[in-house]
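[1] The following comprises the amino acid sequence and a computationally predicted model.
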Amino acid sequence: MDFELSPEDAAFRDEVRGWLAENRDQIEHVRAVNWEDGGERFERYREWERILFDAGWGAVTWPKEYGGRGASLVQQALFTDEYVRAKGPDRINRLGLNLLAPTLMLHGTAEQREAHLSKIARCDEIWCQGFSEPNAGSDLASLRTRAVRDGDDFVITGQKIWTSLGVFGDWIFVLCRTNPDAPKHKGISFILCDMHAPGVEVRPLVQINGDARFAEIFFTEARTPASNVVGAVDEGWRVAMTTLGFERGTGLGSPAVFNRILDEVVDLTRRSPRDGGVAADDPDIRRRVAQAYIETRIFELSSQRTLTRLAKGGTLGPEASLTKLYWSEMEARLEELAMDVLGPRAELAKGSPGAERNGDWYSEYLYARASMIFAGTSEVQKNVIAQRVLGLPRE
Amino acid sequence: MDFELSPEDAAFRDEVRGWLAENRDQIEHVRAVNWEDGGERFERYREWERILFDAGWGAVTWPKEYGGRGASLVQQALFTDEYVRAKGPDRINRLGLNLLAPTLMLHGTAEQREAHLSKIARCDEIWCQGFSEPNAGSDLASLRTRAVRDGDDFVITGQKIWTSLGVFGDWIFVLCRTNPDAPKHKGISFILCDMHAPGVEVRPLVQINGDARFAEIFFTEARTPASNVVGAVDEGWRVAMTTLGFERGTGLGSPAVFNRILDEVVDLTRRSPRDGGVAADDPDIRRRVAQAYIETRIFELSSQRTLTRLAKGGTLGPEASLTKLYWSEMEARLEELAMDVLGPRAELAKGSPGAERNGDWYSEYLYARASMIFAGTSEVQKNVIAQRVLGLPRE
Amino acid sequence: MDFDFSEEQYLLRDTVRDLLRRECTPKHIRALYDDPGGRSPERWRKLAELGVVGLTVPEEYGGSGMNEVDLVLLLEEAGRSLLPEPLLEHTAVAAPLLAHAGSEAQRREWLPRLSSGEATASIGLASSPFVADATADLVVLERDGELHALTQDRLTLTPLRSWDGTRRLFEVTAAETGDDTRLAGGREPAHWAFDHAAAATATVLVGVAAALLDQTVAYVQQREQFGRRIGAFQAVQHKLAETLLLVESARSAVYYAAYALANELPDAPIAVSVAKAYASDAERRANYEALQLHGGIGFTWEHDLHLWLKRGKALEIAYGDADWHRRRIADWVYATAN
Amino acid sequence: MDFDFSEEQYLLRDTVRDLLRRECTPKHIRALYDDPGGRSPERWRKLAELGVVGLTVPEEYGGSGMNEVDLVLLLEEAGRSLLPEPLLEHTAVAAPLLAHAGSEAQRREWLPRLSSGEATASIGLASSPFVADATADLVVLERDGELHALTQDRLTLTPLRSWDGTRRLFEVTAAETGDDTRLAGGREPAHWAFDHAAAATATVLVGVAAALLDQTVAYVQQREQFGRRIGAFQAVQHKLAETLLLVESARSAVYYAAYALANELPDAPIAVSVAKAYASDAERRANYEALQLHGGIGFTWEHDLHLWLKRGKALEIAYGDADWHRRRIADWVYATAN
């Protein structure tokens, strides 16, 4: 057991830190706008991704041939930590970088990797995830979007929902039913599809916080070459489970993000009036801050244990559900604490006088609650843990 | 809405209070020993029941002919409240008084009522409940103890467990399978059996706190007259559900008991050292005391709402599960709070120097946890609430 | 001992419920999200005609002369239907406060108009930095522990925006207060007002929580996943059973708080804190389970669920959150017990 | 960055686990319930032979010269098997404390004997009014913020009884303390001892919680009700999934606390509080679910479950309960953050 960084890792961290410091102005320039507003604002984030890529920070663990620097998982974690501390801009192509790319590295053909990995890293292709459907939420395998073989193509028809970045997407990886006669987990394929192809229509989905971070995607006989199937036809469920493993295990929920939220909450308690003093004096708030410290600290430690396991060649199977369950429930408690610290000011919205951070705390609080739903609800994660980690019977 | 007592109810309460005050010495005399130790100690409690009966307090709501005084439900609640405040001795025949007697009043024959009610009230018959079996806990209807008709008798064979007062019992009401071919809820009968009859064997069951408040009852071809079946043969499940309704709804969990526990806990916080002061100064303890106050107070209020409903001719169906769930979980929190207030002293046991109340707090804490198991586990109550109150589907 | 309502009280509740079911639907609520400052004078007038607006105003001033117990079921309905008009501020607090602590001149000038609905009143206490519906004709404002009844000409309002698009919040400063504006009578008017506001808020929260629970029960009865209705899953059933118990228990607490206030019982402030602490927690739980069990669809603007989620969230915190009220209870327990 | 143990550390853990599986069974534990004062010198000797008893004693004094990280997996096993001997007091606290803060004379006199198992040591800190295994040859006792190493001739013991029949608690008074008994060296010996005791207790709790969880998982796999194994019910599955997550997370915390202590990191006291707060809560949850899911059978003396329930309960509270440690963390957060 050793939490010291090796000389190489320390040097790597210093390099990241130095580079981010040098680019502080650029970072602030990017963060001054909201990519969700689209147009030039989005392009400013894409430009930032290119700057990252050109400096070799776009996808640090990837092989050099695809624009990475072959960094270790520990180094990747160091990069993320520094990036979050430096308030680096949102990574707009995170679905491509964190979900599709590692899936292609495991299950893709050489041609597929060749065709997409560099473009993902350079942000030439913004990727979306086409998994959920209106009637296939927790029960993902009941999906109905179908793809039918026609010559060299698959022809896709159906509807996907909760597609992050949908309105900005160039490509989408879609789970489609390719064999309607097989048992429901069997006849599914994992297919890459150009979103600019005819028959693909995107409608933004307005959320309860007024954002439109998600979209619905309608496929009407959209064509994609059969060479875009990842893994074998009808065996896409296994591929999708790999992707979900990345999503639940390491793709989201970086410790540095929660540490930053905690710091911000602590700062807020020092400034928020409460009972003639500030919230930081309130014993109930202090208890909850302490618990939040405990939980974020343990998340960091557990992530480091996982990292060590992976670095030693271990894999992350259904245990990824423990990670997802932990951070999503922790995030909800953290954001709820922020609400209670703000007290009556919590409800002040964008554009209101007196709204702390222009109302973003409330929006984050709502997103935190969505975190317990997307990428597998807490209930689904508990099912997985009970049945596949503890080995309890399925029915 | 009116929380004032009517003149009659106020007079009733004053009468109870006066009588209990007059009998304070007797109460202390009884409480000086523990009935669970058996023999003369138990008999002292039985004697006390006779004193209650002779003064008309044995079963206040019962008709005069069976030794009651036809009191209303409100008056019964007033009696219990005063009784608990006066630290009245444990009611050793509570299963007869609170479970069997009201069941017989609803489902029994005139002969059965005649034969037993007065004897229950006078404590001439101590009654036990023979429901649970080793393999029929939450799934009560899977019980296997069987009763076979033989001439004018039923012949009972099987095993019951978790029988409160088992070693003291004179009679037991037993759920038996009388038709092994019927669906599991159908072929069950509710049968009264003399525990002194040949073929009935009682073995005390030592619990984790060292007490033997429960027993196992073994029936080996024990005979009981067929006239001892309550309700129709094979239709005992319906009768048993009535009994469970009494047990969950009003038979246990009197608000006065929890109010007294809370008072004792508050007193304990004033005396228990903690961090150089006393526990009452500790903000975390104060928060939990406040929550305990809230919960006990609301239990009292909800009980009064239920009482009003019953007094107006309403019934308590599956809603009884809400009551049981509420008080058992509240009791567990209360007793756990007491443990934490005691701190390191919590673990001191009977006979130890420094043991608060000779270690009884710990024993009560364990019993509180058992409360979430007996009379239907919390899980069973939630199933009932979901399916029979909220109307959610059974499977 | 009768812990129930009278037939008349239930009848009035049913009448109001019917009205609100027709005239205070999610469609009506949504319209306000796009209409800053919007209120429905029409709906308020109808409520006034039913005697609801002036329910707590003494008969001698043209009101119905009813009390907190008569009002409590209606506040629950207000929560259930998300009524945007200031029943809480006007009818539950400001109007009876004026009757309780106003000078004879203040009563005579205002109560008849507040009762008829011709004028509205709101309330701004020190514990809440913002005043809801502060554009009312009369605003009772706390300054240095005292209450003043102020008309708009004495006030400066800064409009704020709430995430709940139907709430109208303002920062309010008073130009001048004096003996003519002070509410001098009655027992500690500021405490009286706070307890009434907290109890009424707890009651509205029970209505919000009940509505969230009902909608969620209905949804899980119909939504299918894994080949069955999700309401058949035990995890779902247990969550909803626990939520029902919380909501039902909160009801006991808010009804009693109303009774204790109506009868000026010595334990009224504590009954109020019991109600607000428990109702806040109960609604928070209902709020969580409602969104969790609706899943993604409940996260869309298009679905109505968020209208309740947001109202509930705002009221959990208003007039003392659960921890604040627990602290008040602890202080009282240790001041009085044994 | 390597958050894992070495092969040697796992090997020693496995060796100890095997020993305890054979020689520290529920039957052995139960025997102590009927034998006040009972300990197994035999088992302690075998642990000494494996180098476990003297694990934390420097090699120059005949020990293994290992540290908190080497010990942490063994303390977890001690919790899992309910080891009654004072591995916590002796090996995790008193012996390394003597090495850390004792005078050269104290070290030379005691460490070789403590290492070989020939003598035992225990610890009595001000935060715990009672001393476990105070009949040890040497008791390190806190008086007025200072620690004194005292032999039995200087002590008066009053035996107490715990609900956990294997615990040997005493009230201890010291006849005389002086310069010769004081532990003077090192950084704040009393704080050092407290942090080591709290971290070790947290670790034992993780072992207890893991054992409770394992037994419960095994039980629900086998117990049938309603025609199926109760482990197939979703409510049961979700409880156990949540408990597993707590226990696994507590493991991360106690392992790091051991590392931070071993390396005398500045955040060691806070790492200890994180571990003790979280492990206490995790064990409490495992304790609740274990009894709840065993149902009645778990409430019988005959079933072994209560042996773990009682040890866990005692340790939840020992060396600061979860709320106490949360307060320490809050004070630290506000003293250092930003």
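    Received, thanks.

[2] Tell me which residue in the stretch 51-200 of chain A sits closest to chain D.
    Residue nearest to chain D within the stretch 51-200 of chain A: A:V74 (4.7 Å; CB to the nearest CB). Quick note: C-beta positions are derived from backbone N, CA and C, even for glycine.

[3] can you pull the contacts of A:G343?
    A:S272, A:P273, A:R274, A:A279, C:I317, C:D321 (CB atoms under 8 Å, 6 or more residues apart in numbering or on different chains).

[4] can you do 10 Å?
    With contact set as CB atoms under 10 Å, 6 or more residues apart in numbering or on different chains, A:G343 has these partners: A:272-275, A:279, C:127-129, C:317-318, C:320-321, C:324.

[5] For those residues, give me a markdown table that also has pLDDT, neighbour count and distance to chain D.
    Output for those, formatted as a markdown table (pLDDT from 0 to 100; neighbours: other CB atoms under 10 Å in any protein chain shown; distance: CB to the nearest CB, whole Å):
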| residue | pLDDT | neighbour count | distance to chain D |
| --- | --- | --- | --- |
| A:S272 | 96 | 22 | 14 |
| A:P273 | 94 | 12 | 17 |
| A:R274 | 93 | 19 | 14 |
| A:D275 | 90 | 13 | 17 |
| A:A279 | 97 | 25 | 11 |
| C:S127 | 88 | 18 | 25 |
| C:S128 | 86 | 20 | 27 |
| C:P129 | 88 | 16 | 24 |
| C:I317 | 95 | 21 | 22 |
| C:A318 | 96 | 24 | 26 |
| C:G320 | 96 | 25 | 22 |
| C:D321 | 97 | 21 | 19 |
| C:W324 | 97 | 22 | 18 |
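
[6] and those, which of them are in helices?
    C:I317, C:W324 (DSSP state H).

[7] longest single helix anywhere in the chain?
    As the question left the chain open, I've gone with chain A. helix A:283-311.

[8] Chain C was what I was after
    Max-length helix for chain C by DSSP H is helix C:189-222.

[9] Just checking: what are the partner strands of the next helix or strand after it?
    Remark: after helix C:189-222, the chain's next helix or strand is strand C:224-225, criterion DSSP states H and E. Taking DSSP bridges as the criterion, strand C:224-225 pairs within the sheet with strand C:228-229 (antiparallel).

[10] Do the helix or strand that the partner strand is followed by and chain D come into contact?
    Downstream of strand C:228-229, the next assigned helix or strand under DSSP H and E is helix C:234-262. Yes: interface with chain D: helix C:234-262 contributes C:Q234, C:A235, C:V236, C:Q237, C:H238, C:K239 (CB under 10 Å from any CB of the partner chain).

[11] Go through the residues you listed and name the one nearest chain B.
    Nearest member of these to chain B, counting by CB to the nearest CB, is C:Q237, at 3.4 Å.

[12] List the contacts of the closest one.
    Per CB under 10 Å, 6+ apart, neighbours of C:Q237: B:382-387, B:390, B:392-394, C:220, C:230-231, D:234-235.

[13] do stretch A:173-183 and chain C meet at all?
    No: Stretch A:173-183 does not reach chain C (CB under 10 Å from any CB); its nearest approach is 12.3 Å.

[14] thinking again about what came up before, give me the buried stretch members for the longest helix of chain A, please.
    For helix A:283-311, the neighbour count (16 or more other CB atoms under 10 Å in any protein chain shown) marks A:283-310 as buried.

[15] Low-confidence stretches in the stretch 1-150 of chain A?
    In the prediction, the stretch 1-150 of chain A carries no residues with pLDDT under 70.

[16] let's go with 90 and repeat that
    Where the stretch 1-150 of chain A drops to pLDDT under 90, the residues are A:36-37, A:65-67, A:73.

[17] what are the phi and psi angles of the closest residue to chain C within it?
    Proximity of the stretch 1-150 of chain A to chain C (CB to the nearest CB) peaks at A:D139, 3.9 Å away. For A:D139, the backbone dihedrals (degrees, to the nearest 10) come out as phi -90, psi 70.

[18] swap in A:A355?
    Dihedral angles (degrees, to the nearest 10) for A:A355: phi -80, psi 120.

[19] how many other residues sit next to it?
    Per other CB atoms under 10 Å in any protein chain shown, the neighbour tally for A:A355 reads 22.

[20] pLDDT score for it?
    For A:A355, the model assigns a pLDDT of 96.

[21] what's the model's confidence in stretch C:130-146, averaged?
    95.

[22] so where do the strands sit in chain A?
    A:127-130, A:146-150, A:153-164, A:171-177, A:188-194, A:200-205, A:214-225, A:229-230, A:273-274, A:277-278 (DSSP state E).

[23] Buried ones in the second one, by neighbour count?
    Using 16+ other CB under 10 Å as the burial criterion, the residues of strand A:146-150 that qualify are A:R146, A:A147.

[24] and it, what other elements does it pack with?
    Packing partners of strand A:146-150 (3 or more CB pairs under 10 Å, 6 or more residues apart in numbering or on different chains; DSSP states H and E): strand A:153-164, strand A:171-177, strand A:188-194, strand A:214-225.

[25] So which residue is dead centre in chain C?
    For chain C, the residue nearest the mean C-alpha position is C:T201 (3.6 Å; CA atoms, centre = their mean).

[26] one step back: using neighbour counts, pick out the buried residues of the longest helix of chain C.
    C:189-190, C:192-213, C:215-217, C:219-220.

[27] so, if you compare the contacts of A:G343, which one comes nearest to chain B?
    C:W324 (10.6 Å).

[28] who's in contact with the residue nearest to the closest one when sequence neighbours are not counted?
    Leaving aside its sequence neighbours, C:W324 sits nearest to A:D275 (CB to CB, 6 or more residues apart in numbering or on different chains; 7.5 Å). Contact partners of A:D275, counting by CB under 10 Å, 6+ apart, are A:D281, A:D282, A:G343, C:S127, C:G320, C:W324, C:R327.

[29] any idea which of the residues you listed is closest to B:E40?
    Among these, C:R327 lies closest to B:E40 (CB to CB), at 50.5 Å.

[30] ok, now how distant is the spatially closest residue to C:L261 that is not a sequence neighbour from chain A?
    Leaving aside its chain neighbours, C:L261 sits nearest to C:E68 (4.6 Å; criterion: CB to CB, 6+ apart). Separation of C:E68 from chain A (CB to the nearest CB, to the nearest Å): 24 Å.

[31] residues from chain C in reach of chain D?
    C:F233, C:Q234, C:A235, C:V236, C:Q237, C:H238, C:K239.

[32] about what we covered before: I'd like the helices and strands packed on strand A:146-150 as JSON lines, with distance to D:A99 and mean pLDDT appended.
    Formatted as JSON lines, these follow (distance: least, CB to CB, whole Å; pLDDT from 0 to 100):
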{"stretch": "strand A:153-164", "distance to D:A99": "56", "mean pLDDT": "96"}
{"stretch": "strand A:171-177", "distance to D:A99": "59", "mean pLDDT": "98"}
{"stretch": "strand A:188-194", "distance to D:A99": "59", "mean pLDDT": "98"}
{"stretch": "strand A:214-225", "distance to D:A99": "60", "mean pLDDT": "97"}
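
[33] Pick the most deeply packed of these.
    Most buried of these by mean neighbour count (mean count of other CB atoms under 10 Å in any protein chain shown) is strand A:171-177; its value is a mean of 27.
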